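Chemist: Below are the sequence and a predicted model; questions follow.
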There are 2 protein chains.
Amino acid sequence: MEKTEVKIGGFGGQGIILTGYIIGKAASIFDKKNATMTQAFGPEARGSACSSQVIISDQPILYPYVKKPKIMVIMSQEAFTKFSPEIDPKGMMLIEEDLVDPQGLPPTVKLHRIPATRIAEELGKKVVLNMIMAGFFTAVTGIVSKEAMRKAVETSVPKGTESLNLMAFEKGYEWGLKQVSN
Amino acid sequence: MEKTEVKIGGFGGQGIILTGYIIGKAASIFDKKNATMTQAFGPEARGSACSSQVIISDQPILYPYVKKPKIMVIMSQEAFTKFSPEIDPKGMMLIEEDLVDPQGLPPTVKLHRIPATRIAEELGKKVVLNMIMAGFFTAVTGIVSKEAMRKAVETSVPKGTESLNLMAFEKGYEWGLKQVSN
């Protein structure tokens, strides 16, 4: 792997930014790769869709802006509409299946679906949606190790919420494993 | 104002990243300036101190890395030790006064203190610490408008938590106004 661009999109309050941060932290601090997370707030940031961009690389990252994401994690329809045209046609997209209808996605893009909102509701906390997606991401992309992601989650969420967030992470991870082994 | 570099430091789980995101969003989307938020996860990201970097500018931002922050918001002693040497000697530092002893800070740096943890505890939710700091930041720096920050908070926090977060923002803002008018 030389350089992988990741984009995470959804609406404000879904924890998009923290998810990107955790992926970058896991890749760099625990997996010893280079990573950056960047937000450029241009006109694209207007409206309710928001995104975070992460680059993971074996080499130092001189230009931190994401151009053509290889991996996209999409958690709202508006984010799908806004960001999906940017995806690498040979890339991979992970969607929250009850919130996103991936209509028009090139068939060359590998699609993975998870009912993360329903899983979050079963855990009694809608706010862990992003951690479920993070676990799912870990299992289906293989770009960061599970151990690194768990450590990044543990050290990045509010004190007292670690075990809930890790539980959500595991639920997403399990769901992802099932898809990958199918 | 040409370009202002802002760095926010604390420990994982304090909401450092979301705070940076909200400042960038407020500056760009609602105040119509240019802004970037960047995380470079290098060796400096190891350990428990974490930070987010925001650049606010009237011009497009070509190089998004923060070199010498004009404004620092510091929420833990470890973050103070790690990041305070980078501050612009003519800069401004905002600290959580019960968590940070700003020993050794050059006297040319303007220091502003707030007991944000105690204020958060009065609100019954420790997790709003970062929103109190965001309100405080708004009042003492004047670099983003209050209205823009309120909108950025509202559209960036989890659904159902908007009013709590705005209340915390206002508490921090009031505290900051008192310091500025003294």
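Modeler: Ah, there it is. Residues are numbered from 1 along each chain as shown, chains lettered A, B, ... in the order given.
Chemist: near chain B, which residues of chain A show up?
Modeler: Within chain A, the residues that sit near chain B (CB under 8 Å from any CB of the partner chain) are A:12-15, A:17-18, A:21, A:24-25, A:27-29, A:34-42, A:45-46, A:48, A:50, A:61, A:64-65, A:126-127, A:155-159, A:161. C-beta coordinates here come from the backbone N, C-alpha and C atoms, glycine included.
Chemist: Can you show me the helices along chain A?
Modeler: A:16-25, A:77-83, A:116-122, A:129-141, A:146-154, A:162-181 (DSSP state H).
Chemist: Now render those helices as JSON lines, adding mean neighbour count.
Modeler: Shown next, in JSON lines, are the helices of chain A (neighbours: other CB atoms under 10 Å in any protein chain shown):
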{"stretch": "helix A:16-25", "mean neighbour count": "28"}
{"stretch": "helix A:77-83", "mean neighbour count": "20"}
{"stretch": "helix A:116-122", "mean neighbour count": "18"}
{"stretch": "helix A:129-141", "mean neighbour count": "27"}
{"stretch": "helix A:146-154", "mean neighbour count": "20"}
{"stretch": "helix A:162-181", "mean neighbour count": "18"}
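Chemist: need those in a markdown table with mean pLDDT and distance to residue A:104, can you?
Modeler: A markdown table is the format used below for the helices of chain A (pLDDT from 0 to 100; distance: least, CB to CB, whole Å):
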| stretch | mean pLDDT | distance to residue A:104 |
| --- | --- | --- |
| helix A:16-25 | 94 | 22 |
| helix A:77-83 | 96 | 9 |
| helix A:116-122 | 96 | 22 |
| helix A:129-141 | 97 | 21 |
| helix A:146-154 | 95 | 31 |
| helix A:162-181 | 96 | 22 |
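Chemist: out of those helices, nearest to residue A:7?
Modeler: helix A:77-83 (6.1 Å; CB to CB).
Chemist: Quick one: list the elements packing against that closest one.
Modeler: Applying 3 or more CB pairs under 8 Å, 6 or more residues apart in numbering or on different chains; DSSP states H and E, one finds that helix A:77-83 contacts strand A:3-11, strand A:49-57, strand A:71-74.
Chemist: any idea which of the ones you listed is most buried?
Modeler: Using mean count of other CB atoms under 10 Å in any protein chain shown, the stretch among the helices and strands packed on helix A:77-83 with the largest mean neighbour count is strand A:71-74, at a mean of 27.
Chemist: Quick check: can you name the pairing partners of it and their directions?
Modeler: strand A:3-11 (parallel), strand A:92-96 (parallel) (DSSP bridges).
Chemist: What lies in contact with it?
Modeler: Strand A:71-74 has contacts (CB atoms under 8 Å, 6 or more residues apart in numbering or on different chains) with A:4-10, A:19, A:80, A:83-84, A:86-87, A:91-96, A:100, A:102, A:133, A:137, A:141, A:143.
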